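1. All I have is the shape, not the residue letters:
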Ligand code: ZN
């Protein structure tokens, strides 16, 4: 078993920050109709920082692991940094990132092989796309149609 598989399995067995928040300031629902992923994301934002985050829903292993790792990467961080990470992550899964992006990604680099599995790219991006929607008070997003994070 390689590192990628181990990390995905671990986060599926014990997804971090899974569940709901009692006092969310922002929330959004994210849908990926191609795979059937459906997640709910809640944020507690204070002073332009993400003080708490929770994700819930039903999704495939890649989406769940991506969501779990995303929460670890953005919890306690300024919104601005979360926004930067979202764009770098998106570049990575499309194979468009460069070396300076890599240093920012840290353990999220585990998902870089996704670019060779086009049908799973949206699974990995959905949590990040939903995070952005929550921050922008968009309410509900889908990886299809006008919200498509990959074609835009
Ligand atoms: Zn999926």
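-> Looks like it came in fine. In this text the structure is predicted, and so the values were computed from the model without any measurement.
2. just checking, what packs against the helix or strand of the chain with the lowest mean pLDDT?
-> Using mean pLDDT, DSSP states H and E, helix 99-105 stands out as the lowest-scoring helix or strand of the chain, at a mean of 86. Packing partners of helix 99-105 (3 or more C-beta pairs under 8 Å, 6 or more residues apart in numbering; DSSP states H and E): helix 79-93. All C-beta atoms are positioned from the backbone trio N, CA, C, and that covers glycine.
3. Is the ion within reach of the helix it packs on?
-> No - Helix 79-93 does not reach the ion (C-beta under 5 Å from the ion); its nearest approach is 12.7 Å.
4. Pull out the buried positions in that helix.
-> Residues of helix 79-93 classed as buried by neighbour count (16 or more other C-beta atoms under 10 Å): 79, 82, 83, 85, 86, 88, 89, 90, 92, 93.
5. just stretch 96-104 next, same as before
-> For stretch 96-104, by 16+ other C-beta under 10 Å, it's 97, 101, 104.
6. what sits against the last one?
-> Meaning residue 104. By C-beta atoms under 8 Å, 6 or more residues apart in numbering, the contact list for residue 104 reads 84, 85, 88.
7. that older thread, so which of the buried residues of helix 79-93 comes closest to residue 36?
-> residue 93 (18.9 Å; C-beta to C-beta).
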